[in-house]
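A.B. asks: Give me a model of this one.
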Amino acid sequence: MALEPITTDLPRYEQSNADVLLWQTRYRVGLALLAVVGAFLLRQVAGFAPSPVAVAQLGDMGVVSLIGIAVALYIAVVLSLHRHVQRTRRASRALASLMMVGDLLLVFILVFALAPPRSYDRALLVALFALQLTHVYFGRGPALLMLAATAAGYLFLVDLASSSGAMGIGWSEAVITLLIFACGAGLVTLVQSHMHERLARLLDMFARAEDGDFTSSYDVAADTRPDAITHVGRAYNRMRAHLSDIVETDPLSGCLNRRGFEQQFRRELSRAARAQTELALIVLDLDHFKQVNDTYGHLTGDQVITEAGELLRANARAGDIVARTGGEEFAILAPGSGLAGAQHLALRIGEAFRRREFGGTRRIPVTASIGLVAETITDDAVLSDLVARADEALYAAKRSGRNRVVVWTPGLAALRAAAGEPAIR
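C.D. replies: Purely as a prediction, here's the structure:
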C-alpha cells in the first residue's frame, strides 16, 4: 500500500504572467509605433508644436530624437523580454513589474515631449487605464508599484515645468490633481484586489481538485454582493460534488479508491497530530480470491468485490474511512480509535465475512485476513510507518493461516526477520 510522492509544478502565477506578457507584446509594439507615427503626422500635417518645456530643455530636434530613441529602446526591451519569456515559459512578478514600469516610463516621456504643462494630467488618465489592466493581469503588487511610479513621474514632470519657468499650473493644483488620481486609483486597486483574492481562492480550489482534493468549497455566503465570480463559485461547488465521486470513489466496491484514501489519510493524520489523538489503520485481504476468479470467472469476482465493499461500509462506524486500495485489498482508517476499539471493529468485520456468502446466487464463502495498527499520533510524518506496520500485521495473519485478525506489535518485524522473511515495504 505504498503512497506516491507529491510533485509540484512551476508556480502557476509565473506561467500565467508568461502567457500574458507573450500575447501583449504585439500590442505594446503596435502602440509604440502608432505613437511615433501619430506624433510625426501631427507635426507635419497639423503643424503641431512639441511641449515648450521639452523644447526649452532639449531643443526642437532634441525632442524629436528623444521620442525616436525612447520608442526604439522600448521596442527593443519588449522584444528581448518576449524572447526570454518564450524560451523559459515563465515570468516572475518582478519581471512583470519591470515591464509595467517600462510602459509607464514611455508614457511620461511622450507626455513630456508632446503635451504642455497644463495637460500633464493626461498622463494620469492613461496611467489609470494601465493601472487597471496591470492589476487584472498581474495582481496587486505590480499595480501598487505602478501607482507609486505614476505619482513620482507626474511630480517629476511638474518639477521640470516649474524649473523651466513654463509651469502653466500651480503646485497646489498639481497636488490636488494627484490626490484625485490617487483616490480613484486606490479605489480601483481596492476593488480589483478583492476580486483577485476571490479568484485566487477559486484557483487554489481548482488546483486542489486537480490533485484529487475536493474538501474545499467556495463560500458563496461571504459574497454580500454576488457577481460573476460568485456564479463561478456556485458552478464549482456543483462540479465538486460530482467530480469527488468520480475521482475518489472506486466504482466497483463503492468505497474510496487509493487516491481518495490517501487524501483522507493525510488529512486525518495531520488532524490527529495537532490534537495528539489516537488513530487506527485496518488493512484486509480477501482470502484465496484468485481461486474465486479462476473457478467462477471475473464477473463473479467483481460481484464479490462489490459485496465486500457493501459489507465493510455497513460494519464501519460513523467517521471511519473505507477504501479499496488494490485488487482484493481494502483499508479502514478509524480516526480517534484506540487499540481496543480498532480490534473490536476488526473482529466484527472478520465475523461478518464468515457469516456471509458472496457472489449472489452462487453463495461463495469468502473470508478475510486482517492486520491493524493503532497509535497516538504526535507527528504527521508517520504515514509510511503506519502503512508498513499494518502490512506487517496483515502478512502475519496470512502466514499464520488466514481468516484472522493480527494486531501489529514491535515483535512482529523481529519474528519475521528471525524466520528469514523479507520486510514489508
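
A.B. asks: This protein - how does it break down into domains?
C.D. replies: 12-208, 212-248, 258-418 (automatic domain parsing).

A.B. asks: can you put these in JSON lines and add mean pLDDT?
C.D. replies: JSON lines is the format used below for those (pLDDT from 0 to 100):
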{"stretch": "domain 12-208", "mean pLDDT": "83"}
{"stretch": "domain 212-248", "mean pLDDT": "80"}
{"stretch": "domain 258-418", "mean pLDDT": "91"}
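
A.B. asks: how about CSV for those domains, with mean neighbour count added?
C.D. replies: Quick note: C-beta positions are derived from backbone N, CA and C, even for glycine. Listed next are those as CSV, based on neighbours: other C-beta atoms under 10 Å:
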stretch, mean neighbour count
domain 12-208, 17
domain 212-248, 14
domain 258-418, 18
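
A.B. asks: Which stretches in the stretch 251-400 of the chain count as helices?
C.D. replies: Applying DSSP state H, counting those that start in this stretch to the stretch 251-400 of the chain gives helices spanning 258-275, 289-296, 298-315, 339-355, 383-399.

A.B. asks: Quick check: which of the ones you listed is nearest to Val405?
C.D. replies: Shortest separation from Val405 across the helices of the stretch 251-400 of the chain is recorded for helix 339-355, at 4.5 Å, computed as C-beta to C-beta.

A.B. asks: what's the angle between that closest one and helix 298-315?
C.D. replies: With axes from the mean of the first three to the mean of the last three C-alpha atoms, to 10 degrees applied, the angle from helix 339-355 to helix 298-315 works out at 140 degrees.

A.B. asks: what residues does helix 339-355 touch?
C.D. replies: Residues from elsewhere that reach helix 339-355 (C-beta atoms under 8 Å, 6 or more residues apart in numbering): 280, 282, 284, 308, 311-312, 314-317, 320, 332, 334, 337, 366-368, 370, 372, 374, 403-405, 407.

A.B. asks: ditto for stretch 232-246
C.D. replies: Against stretch 232-246 from outside (C-beta under 8 Å, 6+ apart): 198, 202, 205-206, 209, 214, 217-220, 223.

A.B. asks: about what we covered before: and the helices of the stretch 251-400 of the chain: which comes nearest Val64?
C.D. replies: Among the helices of the stretch 251-400 of the chain, the nearest to Val64 by C-beta to C-beta is helix 258-275 (64.7 Å).

A.B. asks: That closest one - contacts with which helices or strands?
C.D. replies: In terms of contacts (3 or more C-beta pairs under 8 Å, 6 or more residues apart in numbering; DSSP states H and E), helix 258-275 is packed against helix 228-248, strand 278-286, strand 321-324, strand 329-335, helix 383-399.

A.B. asks: With distance to Ala174 added, can I get these in TSV?
C.D. replies: Below are the helices and strands packed on helix 258-275 laid out as TSV (distance: least, C-beta to C-beta, whole Å):
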stretch	distance to Ala174
helix 228-248	38
strand 278-286	67
strand 321-324	66
strand 329-335	65
helix 383-399	63
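
A.B. asks: So which of these is nearest Ala161?
C.D. replies: helix 228-248 (43.3 Å).

A.B. asks: For that closest one, what is the distance to the chain centroid?
C.D. replies: Remark: helix 228-248 is offset 15 Å from the chain centroid, using C-alpha atoms, centre = their mean, to the nearest Å.
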